[in-house]
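> predicted structure and sequence below. I'll ask about it afterward.
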Amino acid sequence: MPLLTVAAIYFIIWWTVLFIVLPLGYRSQQEDGEVTSGTVESAPSKFRGGRVVLLTTVISTVLYAGYHVASVYFGVGIADIPVIVPTFD
């Protein structure tokens, strides 16, 4: 598989997983009772960006490894996914 294809698939998986991981452990300033002047109450009280990026990278790597094993070793690809939309021939 070409390196650019690997990077593109990994990037799509990573970006999707990022939006799943972002709300994990989220606490707003309102929930903590300490609203910083000049911010909205729904702003995160302690944003842990490094934790989010690390967790996203680990989960994405595991998902990509599963995809890679399924596609290279078992021959499962996009064409093997059943088509739900009927064809009008």
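Good, I have the coordinates. Numbers count the residues shown, from 1 in each chain.
> residue nearest the centroid of the protein?
When C-alpha atoms, centre = their mean is applied to the chain, the residue found nearest the centroid is residue 17 (0.9 Å).
> verify the stated contact: that one with residue 56.
Yes: counting by C-beta atoms under 8 Å, residue 17 does reach residue 56; the two are 5.1 Å apart. (Glycine included, C-beta is placed from N, CA and C.)
> thinking again about what came up before, residues contacting the residue nearest to the centre of the chain?
56, 59, 60, 63 (C-beta atoms under 8 Å, 6 or more residues apart in numbering).
> name the element it belongs to?
According to DSSP states H and E, residue 17 maps onto helix 3-21.
> okay, that helix in CSV with CA atoms only?
As requested, the backbone C-alpha atoms of helix 3-21 are provided in CSV (Å, rounded to 0.1, in the frame of the first residue of the first chain):
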residue,chain,number,x,y,z
LEU,A,3,2.7,5.6,1.9
LEU,A,4,0.4,8.5,1.0
THR,A,5,-2.7,6.1,1.1
VAL,A,6,-1.6,4.9,4.6
ALA,A,7,-1.2,8.5,5.8
ALA,A,8,-4.6,9.5,4.4
ILE,A,9,-6.4,6.6,5.9
TYR,A,10,-4.7,7.1,9.3
PHE,A,11,-5.5,10.9,9.2
ILE,A,12,-9.2,10.2,8.6
ILE,A,13,-9.3,7.7,11.4
TRP,A,14,-7.4,10.0,13.7
TRP,A,15,-9.6,13.0,13.0
THR,A,16,-12.8,11.0,13.6
VAL,A,17,-11.4,9.6,16.8
LEU,A,18,-10.4,13.1,18.0
PHE,A,19,-14.1,14.2,18.0
ILE,A,20,-15.0,11.0,20.0
VAL,A,21,-12.2,11.6,22.6
